[in-house]
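**Student:** Give the three-dimensional model of this entry:
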Amino acid sequence: MQRLPSESIDLIYIDPPFFSNRHYEVIWGNGAELRAFGDRWKGGINVYVEWMRERLIEMHRLLKLTGSIYVHLDWHAVHYIKCEMDDIFGMGNFRNEISWCYSIGGRGKQQWGRKHDSILFYSKEEKFYFNVDEVRVPGKTGTYMRRGHDEKGREFLEKTDKKTSKVYRYYVDDGTIPPDYWTDIEQLNREDAERLGYPTQKPEALLERIIKASSKKNQIVADFFCGVGTTLAVAERLGRRWIGCDVSPIACKLARRRISKVIKEERDIEIIGMPHDIDELKTMEPFEFQNHVIVDLLHGTCSRTKSADRGIDGHDFGHNPVEVKQSDGVGRPVVQKFHSAVLAERRNKG
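**Tutor:** Alright, predicted model coming up:
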C-alpha cells in the first residue's frame, strides 16, 4: 500500500482476518492446493486493533476525497475497529453499520444465535459518490397497501395518510432501496458454483451491491485482503479497474486464475511481490513454501493435513510422494524416514 499514490482509489472493500482465535486449514478447490490460514492474535485484542489501525491509516491516505471504504468484520472486534475508524476517518463520515444477515451457522445454547456480520461504511469527506438507484431491490408485494395499475399498465402500491388524506403511490418495478440490514444475500455453501474452498469467502452478490452503489465504471476498486479475488472478479465484471493484495502467494495466483475467466480481452495480470530468488523463498511461510514447491513447481497436490503426515507433504503430478524442507541441510534421519514413507505407499520413487 505504501507504494501507491495518495488519493488514487475510489472504493476500498476489505474483509480482514477476524479476531476469533480460529485456525483454518484450507483445501483449495479440488484439493490441489493447501495453505495454513489463521486469524490468531497473540497479545489480545489490543494487538489486533493496532495492526488494523496502521493499515486503515494507509487506506485513508489512498482514498480519493469522493471515495468510501467498507470494512467487513464480525462481533469479535467490530466495536473496537469502529472507534479507530471514527478517529481516522472522522465520526461525521460514518455512514452505516450494515448488518449482513444469513441463516447458516450461528447456533448457541448460552446466547442468541450469531447470524450476521457487520460492515462499517465510511466516506472520506462529506461529499462522496453513492448511487442507490444502482442497487434497488424488488419491493414487497404482499403488503397492506392497495394494489393497482396505471393507464400504462404499470403495477403500483398505494396508501392514504389518515391525517392528511394524501395518497402515496409506489411503482413495483421501481423497487426499493435496501436498508442497513441485508437479508437477501445468503452465505456460500459447499455446493455453490463460485465456492473455491476459502473459509471466509464472500458471495459475489454482496460485493456487487457495494461496488455498484459506491463506484462508477472505470473507477478504481481496491481490496487489500483479496483472498481468492471475489472483489476483483466482480469489479472486472462490472467494468471497474481494480487492485488486490494478499499475504498468500497461492491466493494471489488463484485470484489471477479466477479473474482471467472474467476478462473478455487478452490481458496480462501482473502479480507484484512474488518470490524470485532463493533469499525470498527462504522468507516464505513454511506452508506457503510447501505449496509453492508442490503445486507451482511440481504441478502436484498437497496433503490434507499439516501434521501427522507420515513424512509426506504431497504428491507430484505422477502421484509420487513428495516431502518439502525449507532448511539448508537435510540429515540422514529425514531421508530414511521419507524412504520408509515411500515404501509404505508402495512406490518406487519419491
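**Student:** contacts and neighbour counts: CA atoms only from here.
**Tutor:** OK.
**Student:** who are the neighbours in contact with Val167?
**Tutor:** 158-161 (Cα atoms under 8 Å, 6 or more residues apart in numbering).
**Student:** so can I have CSV of those residues showing distance to Arg257?
**Tutor:** CSV is the format used below for the contacts of Val167 (distance: Cα to Cα, whole Å):
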residue, distance to Arg257
Glu158, 50
Lys159, 52
Thr160, 55
Asp161, 56
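**Student:** and which of those is nearest to Lys261?
**Tutor:** Glu158 (45.5 Å; Cα to Cα).
**Student:** Okay, and the beta partners of the closest one?
**Tutor:** Legend: beta-bridge partners of Glu158 under DSSP bridges are Arg146, Arg169.
**Student:** Would you agree it is in contact with Asp150?
**Tutor:** No - checked against Cα atoms under 8 Å, the pair Glu158 and Asp150 is beyond contact range at 11.2 Å.
**Student:** I'd like the contacts of Val167 as a markdown table, with pLDDT and distance to Asp328 appended.
**Tutor:** Shown next, in a markdown table, are the contacts of Val167 (pLDDT from 0 to 100; distance: Cα to Cα, whole Å):
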| residue | pLDDT | distance to Asp328 |
| --- | --- | --- |
| Glu158 | 82 | 76 |
| Lys159 | 85 | 77 |
| Thr160 | 88 | 80 |
| Asp161 | 86 | 80 |
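**Student:** List just the nearest of the residues you listed to Val342.
**Tutor:** Closest to Val342, out of all of the contacts of Val167 and judged by Cα to Cα, is Glu158, at 75.1 Å.
**Student:** and stretch 334-345, which residues are buried?
**Tutor:** Residues of stretch 334-345 classed as buried: 338-339, 341-342 (neighbour count, 16 or more other Cα atoms under 10 Å).
**Student:** Show me which pair in the contacts of Val167 is furthest apart.
**Tutor:** Largest separation among the contacts of Val167 by Cα to Cα: Glu158 and Asp161, giving 10.2 Å.
**Student:** Residues that sit against both of the two, list them.
**Tutor:** Common neighbours of Glu158 and Asp161 (Cα under 8 Å, 6+ apart) are 167-168.
**Student:** So for the two, which sits in the more crowded spot?
**Tutor:** Between Glu158 and Asp161, counted using other Cα atoms under 10 Å, the more crowded position is Glu158 (14 against 9).
**Student:** where's the more buried one relative to Val137, distance?
**Tutor:** 18 Å (Cα to Cα, to the nearest Å).
**Student:** Arg154 reaches Arg169, doesn't it?
**Tutor:** No - counting by Cα under 8 Å, Arg154 stays clear of Arg169, with 11.5 Å between them.
**Student:** Give me the more crowded residue out of the two.
**Tutor:** A count of neighbours by other Cα under 10 Å puts Arg169 above the other of Arg154 and Arg169, at 15 against 11.
**Student:** show me the contacts for the more buried one.
**Tutor:** Contacts of Arg169 (Cα under 8 Å, 6+ apart): 156-159.
**Student:** Relative to Gly139, how far out is it?
**Tutor:** For Arg169, the distance to Gly139 - Cα to Cα - is 13 Å.
**Student:** would you list every one of the helices in the stretch 151-300 of the chain?
**Tutor:** Per DSSP state H, counting those that start in this stretch, the stretch 151-300 of the chain carries helices over the ranges 204-214, 230-237, 249-260, 278-282, 286-291.
**Student:** Could you check the pLDDT of Ile81?
**Tutor:** With respect to pLDDT, Ile81 scores 97.
**Student:** Apologies, that question was intended for Lys140.
**Tutor:** 67.
**Student:** how's the protein carved up into domains?
**Tutor:** 9-131+179-260, 138-176, 278-344 (automatic domain parsing).
**Student:** rank these by mean pLDDT and give me the bottom one.
**Tutor:** Minimum mean pLDDT among these: domain 278-344, a mean of 73.
**Student:** check contacts around Arg237.
**Tutor:** 262-263 are the contacts of Arg237 under Cα under 8 Å, 6+ apart.
**Student:** could you redo the last one with a cut-off of 7 Å?
**Tutor:** Arg237 is in contact with Val262, counting by Cα atoms under 7 Å, 6 or more residues apart in numbering.
**Student:** Look at the residue lying closest to Asn348 once chain neighbours are set aside and give its secondary structure.
**Tutor:** Excluding its sequence neighbours, the residue lying closest to Asn348 (Cα to Cα, 6 or more residues apart in numbering) is Val342, at 7.1 Å. The local conformation at Val342, judged by DSSP: H, G, I helix; E, B strand; the rest coil, is helix.
**Student:** For the helix or strand hosting Ile98, buried residues please.
**Tutor:** Taking DSSP states H and E as the definition, one finds Ile98 inside strand 94-101. Judged by neighbour count (16+ other Cα under 10 Å), strand 94-101 contains these buried residues: 94, 96-101.
**Student:** Tell me how many other residues crowd Glu151.
**Tutor:** 6.
**Student:** and the gap between it and Leu4?
**Tutor:** Distance of Glu151 to Leu4, given as Cα to Cα: 55 Å.
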